[in-house]
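> Just a sequence and a predicted model for now, questions to come.
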Amino acid sequence: MANISERWAEFRPSKALWLWSCVGCVAATMIIGFTWGGWVTGGTATEMATDAREDARAELVANLCVENFISSPNAPQLLADLKEASSWERDDFIEDGGWAQISGLKNQVSAANDLCAEQLAAMEEVPARPVDPNLSATPANNKEG
């Protein structure tokens, strides 16, 4: 009886076996690559890039909205009013206030209103604004000489 190494040395696969072995390896590689390897098709990659761009744009406008909101002179009262509003009315509250309106944009980002309202509703109170000493200086105080 021949051992495994002798049987392996004598083995001569047919062309069909080689072909199907290659096809099986290609199929296994693709299955592993698309399920666990993170591969995606071109259409999926384009869709993911579009979604990421829209999400980033909405987050940027929402952050600007929060900054505009807390910079308002009556921000503490507005924050209380926002928190009293129901969750489905908050985006309308933000839209009516105009805090998410960015002048350079042709089309306003509608998802930004929801994000802005969520960020503001999560705040306990309006954060204190640091005072810039350069803004309070008058030209009379800055005389040289």
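Structure's in. What do you need?
> Surely residue 83 touches residue 121?
Yes. Using CB atoms under 8 Å, residue 83 is in contact with residue 121, at 5.9 Å. Using the backbone N, CA and C atoms, a C-beta is placed for each residue, glycine as well.
> Which residue is the nearest non-sequential neighbour of residue 109?
Distance criterion CB to CB, 6 or more residues apart in numbering; nearest residue to residue 109, sequence neighbours excluded, is residue 61 at 4.6 Å.
> Contacts only, for the one you found.
When the contact criterion is CB atoms under 8 Å, 6 or more residues apart in numbering, the partners of residue 61 are 100, 102, 105, 108-109, 112, 116.
> One more: residue 85?
Residue 85 touches residue 93, counting by CB under 8 Å, 6+ apart.
> Pull up the per-residue confidence for it.
Residue 85 carries a pLDDT value of 92.
> Least confident secondary structure element in the chain?
helix 133-136 (a mean of 57; mean pLDDT, DSSP states H and E).
> residue ranges with poor pLDDT in this structure?
1, 130-145 (pLDDT under 70).
> Please point out which parts of the longest helix anywhere in it sit buried.
The residue-count maximum for a helix in the chain (DSSP state H) belongs to helix 42-70. Within helix 42-70, the residues that count as buried by 16 or more other CB atoms under 10 Å are 58-59, 61-62, 64-66, 68-70.
> Many thanks, have a good one.
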